[in-house]
Structures are given as structure tokens and as C-alpha cells.
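Engineer: generate a structure from the sequence data that follows.
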Amino acid sequence: MRKAMTILLMLALAIPCLAQKPCLVKDEGGETNIRKGPGTKYEIVEKVPDGMFINYVPGTNGWHKVYTTYTSGEEQDFIGYIAASKVVIPKRAGAWKYVAHVKDEGGETNIRKGPGTKYDIVGKVKDNSYILYSGEYGDKWYKVYTQTGALRGYISANKLEPLESPAF
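Structural biologist: As a prediction, this is how the structure comes out:
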């Protein structure tokens with residue numbers, strides 16, 4: 001059940017919904033708790049990997065409601081609550097446009113200052129993780145972004161598996 005729920009949550013942008021908005025769980029290298037109620041005193045109903053997308057409805061008192069990506073009727077199903085401090089919401093329209101899976105080749109993938117291997121490496125991303133990108137540079141390189149919408153650099157297109165997701 002947990003594996004199925006995690007897979008469904010990982011596809012958070014595949015099914016658009018009017019009431020919920022997509023956001024990212026802060027990438028702090030672990031998992032984040034989804035709770036039955038809006039506070040740490042409530043039991044944990046799900047754990048989601050840091051760095052993944054979820055659907056949420058802005059809440060109050062530091063907690064957001066979290067929803068599934070599958071629908072029952074016209075609404076997505078409610079899962080629980082996540083601490084607002086654990087999510088990243090785009091600060092400006094177009095900060096991120098798409099999400100891609102970094103192919104798992106057992107290591108890390110270089111992020112470069114420009115679109116080509118002749119450019120310096122400015123960072124790395126773990127293989128088998130997710131990355132934000134917006135637009136292409138030719139058909140061989142993508143511009144990639146941080147969770148807050150800042151340009152990180154460029155990544156080789158053959159290292160990514162773009163996920164079908166709507167623009168923000």
C-alpha cells in the first residue's frame with residue numbers, strides 16, 4: 001500500500017486538478033511525514049521522499065492539506081497534512097515548468113555552466129532523483145533550476161526522462 005501511494009504521489013503533476021496546486025517537498029535528504037491532522041501530535045499516515053512533488057491546498061497555522069494524484073469523481077482524495085516549512089512553492093510564475101527524472105546510472109550527473117561538455121561543472125545531481133527544467137537548448141541540453149526558481153545550469157538531455165506535467 002505504501003509503495004503504491006508513493007508511486008501515485010510521484011506522479012503529482014500528471015493529473016491536473018483545479019483546487020490543488022503542485023509544490024515540492026524540500027530536499028533535505030530523507031523523508032517527510034504526512035500527518036492525520038495539522039500538527040506533530042497527530043499520527044503519521046504517510047512518508048514521502050524529500051524532493052518530490054505533491055498536490056496541496058494552502059492551509060493555516062503552518063500546515064497544508066495534501067491530496068493524492070488519482071481522482072474519485074471530480075476531486076482528488078485527501079491524504080493528510082504537511083508542515084508548511086517542509087514545502088517549496090514557486091516564488092514567481094514560470095520559475096519551474098517541468099520535472100524530469102535523472103536516469104539511474106549509479107552515481108551523479110554533472111550540471112554545467114553552459115550547454116556542452118566544454119563548459120565548467122557548476123554542480124551535480126544524484127542519479128535517480130528529480131530535477132526541474134524549463135525549455136531546451138537545442139535538442140541536447142536542458143536548462144535546469146533550483147527549487148526556488150534560480151537557474152542552476154545545463155544538463156545533458158540524454159540523462160533525463162521528462163515526466164508529463166503541466167506548466168506552473
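Engineer: can you pull out the low-pLDDT segments for the chain?
Structural biologist: Applying pLDDT under 70 to the chain picks out residues 1-20, 68-76, 90-97, 134-138, 147-150, 163-168.
Engineer: if we use 50, what do you get?
Structural biologist: Low-confidence segments of the chain (pLDDT under 50): 1-18, 71-72, 93, 165-168.
Engineer: which stretches in it count as helices?
Structural biologist: Per DSSP state H, the chain carries helices over the ranges 2-10.
Engineer: just the strands in it please.
Structural biologist: 21-25, 31-35, 44-49, 53-57, 63-72, 75-83, 87-88, 98-102, 108-112, 121-126, 130-137, 141-145, 151-156, 160-162 (DSSP state E).
Engineer: adding mean neighbour count, write the ones you listed out as TSV.
Structural biologist: In short, each C-beta sits where N, CA and C put it, glycine included. Below are those laid out as TSV (neighbours: other C-beta atoms under 10 Å):
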stretch	mean neighbour count
strand 21-25	21
strand 31-35	19
strand 44-49	17
strand 53-57	22
strand 63-72	19
strand 75-83	18
strand 87-88	18
strand 98-102	19
strand 108-112	18
strand 121-126	14
strand 130-137	18
strand 141-145	21
strand 151-156	19
strand 160-162	15
